[in-house]
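Participant: What follows is a predicted protein model with its sequence.
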Amino acid sequence: MILSQKKNKKIAWLIAINLSTLLVLMPVIFLLTRHTYDAQGANIKNFNTSELLQNTKDINLYEQTFYARNPQLNSILFYLKNENYHNDVELSIIDQDTQTIVRHETVRILSDDNMQIFIWDFENISQSQDKKYSFFIMPNKKGFSLLGTSSDLYESGELFINSDKQQDLILAFSFDYYSDNLFSILNKRLGIYKTGLFAQAWSYYLLYLLCVILIGYISYHLSLVIIRDN
């Protein structure tokens, strides 16, 4: 009888340990093997919250400032309308602290009466974390306009058209970072909107570990009950 109880407990512990190990390994493997992007900005959800930016001249210089929270900044998405011509548009990113151009490219935008989504992919800016940038857009021909949205959707940047600050409007845009795995993104996201103990990523990891231990403990007792009933 005693040997049977010891055997049942051993089996129950093996089930509990295996389940707990699985609960730890699955998210770790997912976070290490997933190559993904983290996006910020004011990407609009529907066009009812947006409007075409007013053209003050035939050809305009648009400047949208933004704050990069992560390293490896590597693309910017925005919306445009290019009605009359195939337009060569100059795109630039300037580091506001050093006033240096960190990325520059001239792209060909085809004419289209409909709104277009444009994604500017560039070589990763590895040291972009905690830096403020200016994103410049300058078309070389007329008939070019951008989509704007409420400044409430992104409060860490401002929009200028020909150096004139736009009130209550910013560019409808988003910017992405590349990450080899999700751990770096998770560490920055956890606790970003919390205070006190839960403002730190480690507190969430500890809470998750305690949940795993609790699940293991419960599964141990459930396994014992199931083994005894059988």
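Facilitator: Structure received. Residues are numbered from 1 along each chain as shown.
Participant: Ranking helices and strands of the chain by mean pLDDT, which lands last?
Facilitator: Every helix and strand in the chain was compared by mean pLDDT, DSSP states H and E; the lowest is helix 183-189, with a mean of 70.
Participant: Could you point out the helix or strand that follows that one?
Facilitator: helix 201-229 (DSSP states H and E).
Participant: Any buried residues in that next one, and which?
Facilitator: By neighbour count with 16 or more other CB atoms under 10 Å, helix 201-229 contains the buried residues 201, 204, 212, 216, 219-220, 223-224, 227. Glycine gets a C-beta too; all of them are placed from N, C-alpha and C.
Participant: just stretch 101-111 next, same as before
Facilitator: Buried residues in stretch 101-111 (16+ other CB under 10 Å): 102-103, 109.
Participant: how about the residues you listed in JSON lines, adding distance to residue 187 and secondary structure?
Facilitator: Converted to JSON lines, these look like this (distance: CB to CB, whole Å; DSSP: H, G, I helix; E, B strand; the rest coil):
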{"residue": "102", "distance to residue 187": "25", "secondary structure": "strand"}
{"residue": "103", "distance to residue 187": "26", "secondary structure": "strand"}
{"residue": "109", "distance to residue 187": "38", "secondary structure": "strand"}
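Participant: Go through these and say which is closest to residue 190.
Facilitator: residue 102 (28.7 Å; CB to CB).
Participant: Give me the helices and strands touching the lengthiest helix in the chain, please.
Facilitator: Across the chain, the longest stretch assigned as helix under DSSP state H is helix 2-33. Contacts defined by 3 or more CB pairs under 8 Å, 6 or more residues apart in numbering; DSSP states H and E place helix 2-33 against helix 183-189, helix 201-229.
Participant: which of the ones you listed has the lowest average pLDDT?
Facilitator: Ranked by mean pLDDT, the helices and strands packed on helix 2-33 end with helix 183-189 at the bottom, a mean of 70.
Participant: which residues touch the longest strand along the chain?
Facilitator: Longest strand of the chain, by residue count under DSSP state E: strand 112-125. Contacts to strand 112-125, defined as CB atoms under 8 Å, 6 or more residues apart in numbering, come from residues 47, 68, 71-83, 91, 93, 102-103, 105, 107, 109, 147, 178.
Participant: Would you mind checking those residues for buried ones?
Facilitator: Buried, going by 16+ other CB under 10 Å: 68, 71-82, 91, 93, 102-103, 109, 147, 178, out of the contacts of strand 112-125.
Participant: hmm, back to that, distance to residue 120 for the helices and strands packed on helix 2-33 - can I get that in a markdown table?
Facilitator: Shown next, in a markdown table, are the helices and strands packed on helix 2-33 (distance: least, CB to CB, whole Å):
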| stretch | distance to residue 120 |
| --- | --- |
| helix 183-189 | 21 |
| helix 201-229 | 31 |
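Participant: Kind regards, and thank you for your time.
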